[in-house]
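**Student:** Test case, fold it:
(2 chains)
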2 protein chains.
Amino acid sequence: MADRLVVIGGDAGGLTAATQARRRRTDLEVVALEKGRWTSYSACGIPYVVGGDVPSLDQLIVRSPEEHRGRGIEVRTRHEAVALDLDRRQVEVRDLDDGGTYLLDFDVLQIGTGARPVRPSLPGMEDAHVHGVQTMEDAAWLLEDVAGANGATRDVVVVGGGYIGLEIAEAFVKRGCRVVVLERGPEVMGTLDPDMGALVTVAMREHGIDVRTGTEVTGFERGLVRTDQGDVAADLIVLGLGVVPNSELAASAGIETGVKGAIKVDRRQRTSADGVWAAGDCCESHHLVSGQQVHIALGTVANKQGRVAGTNIGGGYATFPGVVGTAVTRLCSTEVARTGLSEAEAVGAGFSHRAVTIESTTRAGYFPGAQPIKVKLVYEQGTGRLLGGQIVGREGAAKRIDVVATAVTAGFTVEEVAALDLSYAPPFAPVWDPILVAARAATSQP
Amino acid sequence: MADRLVVIGGDAGGLTAATQARRRRTDLEVVALEKGRWTSYSACGIPYVVGGDVPSLDQLIVRSPEEHRGRGIEVRTRHEAVALDLDRRQVEVRDLDDGGTYLLDFDVLQIGTGARPVRPSLPGMEDAHVHGVQTMEDAAWLLEDVAGANGATRDVVVVGGGYIGLEIAEAFVKRGCRVVVLERGPEVMGTLDPDMGALVTVAMREHGIDVRTGTEVTGFERGLVRTDQGDVAADLIVLGLGVVPNSELAASAGIETGVKGAIKVDRRQRTSADGVWAAGDCCESHHLVSGQQVHIALGTVANKQGRVAGTNIGGGYATFPGVVGTAVTRLCSTEVARTGLSEAEAVGAGFSHRAVTIESTTRAGYFPGAQPIKVKLVYEQGTGRLLGGQIVGREGAAKRIDVVATAVTAGFTVEEVAALDLSYAPPFAPVWDPILVAARAATSQP
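**Tutor:** Predicted structure coming up:
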């Protein structure tokens, strides 16, 4: 009899693995369980559907359950894995439509249970009007709310000024809502250092978003959010406080978990349990600069890890070396990117560091469409080893972070970065690309 | 008495060095000789002035002679160095306005004499209507020609389908001219492999440029260009056959030259003569992938080399490790970039290589403004070491070459590239950036 691979979770961490494994072992029986109605979608695209840039949720779907079935993966949507018995090699599954449960045997298990929004335990938090931006169900709900307003101006409060919080804030502004962002920290975008985050705070305010930093939420009620700075009117409340891994199922079966409760995996995406693999937002990753385990819930990581897990499940050999913490977003017309360690993270990892920030333009200064860009580099004192970088600018600025990410991965010093043979032509960069300008400034610092 | 640094050449290779040296040694007397009227300008911007994107030549000037003088550099424009005596440490200088010559003593010499367009010895080549696109004088001449046409449609023939040839072809199309590009090779853009060059040939033709490949120029006459495929009408003829280093002055003084006659320099930009330094288009560079010496005449290289020379002249320590042959351009709405070794170059350097080409989009496929992009990677057989890459696509495609350039410099394998933590958000990339897709395809190739 053929081996059966059971996959828990119908997005990148689960189904990328399933697809890869099935491609390599066509004899494999694959059953994938997904508690929602959708599979393999771009959750990162949700704010753009809510904002109207992308006309419909369907466009975010990379592969539907039917398409997966066509590739030999039996996808069961609205089926939730509720318990896991590693000794008997069985998953207990609940059919969410009829409420019944059944046991499903597996030979190999792939866990891709993802993550869910952080919900601090505050009065009123469980109110239905407090929503995350994580699943297609969330997206459908937010879209319905936008449509339901029938053009009436609504008060939207976003709790947390990170990527998702600010992206969804912009989306609601585009829909004509009044939007308040509540951020506990001194600036939005806490994954940047405050000096760079401040640029984003200013840009968001200029775009008409009422950003309130240094403001702590204390509770929720119908129609308002309570904060330590007073009440804020809220027809709709959206959570943007980050995510926590959905690892309880694995943990309760005795699979080891680590940072923030994320499932521990080795370089091949093996969990601590034999024949059980995991990938995506439910897992840890290894940070190549700090050397520490981290929980970074991003689609890029989930896809890479899923592919590695699937290759290994399919009898191949693949490893996921780790992450450097790269992220990018566009907020209104401001582009924001980061990679590697921020100053705070560098200190946290035990580095003695230095930092430099420069201003330049995205194209030759005289070329039409040249836009401002600020580049910050963080590097190790003494060795000059590049530890990380942050970029805030306008159109054409942010994708340059990939050069910094690649240089960080390579372990380059700022001197080596300054000598990089980066491309130049007036429509693309000044003769010294802003990344080179920043690296050069670092090499000139005493 | 203070040392005197004499600089020959008033653009990047000369004056970047002078500026850097003067900053470090304020006691240094610096005299810079420039045979033209302009200093420190962006020659790469000339096609955009001719095409009208940039309104005036003045905007290309980074630093005028007066500004250099304000920084302690005595710039003598229209003064040409005509002979060099290393034993007496003297330059013979001709004042081009009065025709007189004089001797100028130096303690230290910086050579930044640049390059000039290749002029094959063909009948009629010395005709005034055959022009390069190299200096501000060329630019002024081309602009005058455009203006002089008074709206009459003119026939422009560009000889050579490289970067400059195609950029100037586009510029004249924008000015309403009929433009023919004559290219001896099978496709334009010979620094790409023919499969990628073919995409550019097609794009240029779609833009209304009459590209004639496999066509050899045999001579010039007033009003026409003779080719092995028949005569072509020409009110104006522009050369785009590449450049040769202006190294005769150095060579005749006994300074060693190498590939294509370019001046040999060490890592610190020292020539073979004591106290004589060189930088920019007149020099060789070291190619970090092939390990060979190359002549790559680009502003980026000239600026970096000039800075290194100046730092060393000023008593500091700096080295220029070399190039990987990165270049980028935008032709009509097509973006083109390359780095490292092409397939032909890989063979030439003795590598046994493989190549892969993929198609993707610049943004998430569903995101407005997603544009097509083709990425080709060349890598070593067996080791998988990345040797080079080429990109042809539309808006947002080409600057990704910098990731390839950085990875090539790092000596990464395609497997290491496929694992890079590159940035992703729907407005910037698909979840697998096209570079990752290409590297992944390479790792999957048998």
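
**Student:** Output the below-cut-off pLDDT ranges for chain A.
**Tutor:** Along chain A, segments meeting pLDDT under 70 span A:1, A:128, A:150-151.

**Student:** In it, which helix is the longest?
**Tutor:** Identified as the longest helix of chain A according to DSSP state H is helix A:299-313.

**Student:** list the buried ones in that one?
**Tutor:** A:299-313 (16 or more other Cβ atoms under 10 Å in any protein chain shown). Quick note: C-beta positions are derived from backbone N, CA and C, even for glycine.

**Student:** other SSEs contacting it?
**Tutor:** In this structure, helix A:299-313 packs against helix A:17-24, strand A:108-111, strand A:276-278, with contacts taken as 3 or more Cβ pairs under 8 Å, 6 or more residues apart in numbering or on different chains; DSSP states H and E.

**Student:** Quick one, which of those gets closest to chain B.
**Tutor:** Chain B lies closest to helix A:17-24 among the helices and strands packed on helix A:299-313, at 10.2 Å (Cβ to the nearest Cβ).

**Student:** So what touches the helix or strand just after the closest one?
**Tutor:** Of the helices and strands lying after helix A:17-24 in sequence (DSSP states H and E), the nearest is strand A:29-34. With Cβ atoms under 8 Å, 6 or more residues apart in numbering or on different chains as the test, strand A:29-34 has contacts from A:2-11, A:14-15, A:18, A:21-22, A:39, A:65, A:68, A:72-81, A:91, A:93, A:104, A:106.

**Student:** okay, the angle between strand A:29-34 and helix A:299-313?
**Tutor:** Strand A:29-34 runs at 150 degrees relative to helix A:299-313, counting by axes from the mean of the first three to the mean of the last three Cα atoms, to 10 degrees.

**Student:** quick one: strands adjacent to strand A:29-34?
**Tutor:** Sheet pairing of strand A:29-34 (DSSP bridges) gives strand A:4-8 (parallel), strand A:73-77 (parallel).

**Student:** circling back: in CSV, list the helices and strands packed on helix A:299-313 along with distance to B:Y424 and mean neighbour count.
**Tutor:** As requested, the helices and strands packed on helix A:299-313 are exported to CSV (distance: least, Cβ to Cβ, whole Å; neighbours: other Cβ atoms under 10 Å in any protein chain shown):
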stretch, distance to B:Y424, mean neighbour count
helix A:17-24, 19, 24
strand A:108-111, 22, 28
strand A:276-278, 21, 28
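
**Student:** Just want the most central residue of chain A.
**Tutor:** Compute the mean C-alpha point of chain A, and by Cα atoms, centre = their mean the closest residue is A:L298, 3.1 Å away.

**Student:** distance of that one from B:R184?
**Tutor:** A:L298 sits 49 Å away from B:R184, going by Cβ to Cβ, to the nearest Å.

**Student:** secondary structure class for A:V133?
**Tutor:** Classification of A:V133 by DSSP: H, G, I helix; E, B strand; the rest coil places it in coil.

**Student:** Isn't it up against A:G45?
**Tutor:** No: using Cβ atoms under 8 Å as the test, A:V133 is too far from A:G45 to be in contact (10.8 Å).

**Student:** so who does the residue nearest to the centre of chain A touch?
**Tutor:** Here A:L298 is in contact with A:D281, A:A327, B:Y424 (Cβ under 8 Å, 6+ apart).

**Student:** quick one: which of those residues is most hemmed in?
**Tutor:** Of those, A:D281 is surrounded by the most neighbours, 29 neighbours in total, counting by other Cβ atoms under 10 Å in any protein chain shown.

**Student:** ok and the residue in the stretch 201-350 of chain A nearest chain B?
**Tutor:** Residue nearest to chain B within the stretch 201-350 of chain A: A:V328 (3.7 Å; Cβ to the nearest Cβ).

**Student:** Skipping adjacent residues, who's closest to that residue in space?
**Tutor:** B:S423 (3.7 Å; Cβ to Cβ, 6 or more residues apart in numbering or on different chains).

**Student:** Run a quick neighbour tally on the residue lying closest to A:V294 once chain neighbours are set aside.
**Tutor:** Once flanking residues are discounted, A:V294 sits nearest to A:H287: 4.6 Å by Cβ to Cβ, 6+ apart. Look at A:H287: counted by other Cβ under 10 Å, it has 21 neighbours.

**Student:** Test my guess that A:H287 contacts A:Q293.
**Tutor:** Yes: contact status for A:H287 versus A:Q293: in contact at 7.3 Å, counting by Cβ under 8 Å.

**Student:** what's the overlap in contacts for these two?
**Tutor:** Shared contacts of A:H287 and A:Q293 (Cβ under 8 Å, 6+ apart): none.

**Student:** Using CSV, list the CA coordinates for the host helix or strand of A:K376.
**Tutor:** Taking DSSP H and E as the criterion, A:K376 maps to strand A:372-380. Only the C-alpha atoms of strand A:372-380 are listed here, as CSV (Å, rounded to 0.1, in the frame of the first residue of the first chain):
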residue,chain,number,x,y,z
PRO,A,372,14.3,60.8,-2.4
ILE,A,373,15.7,57.8,-0.6
LYS,A,374,17.2,57.3,2.9
VAL,A,375,19.4,54.3,3.5
LYS,A,376,20.6,53.3,7.0
LEU,A,377,23.2,50.6,7.5
VAL,A,378,24.0,48.9,10.8
TYR,A,379,27.5,47.3,11.0
GLU,A,380,29.8,45.7,13.5
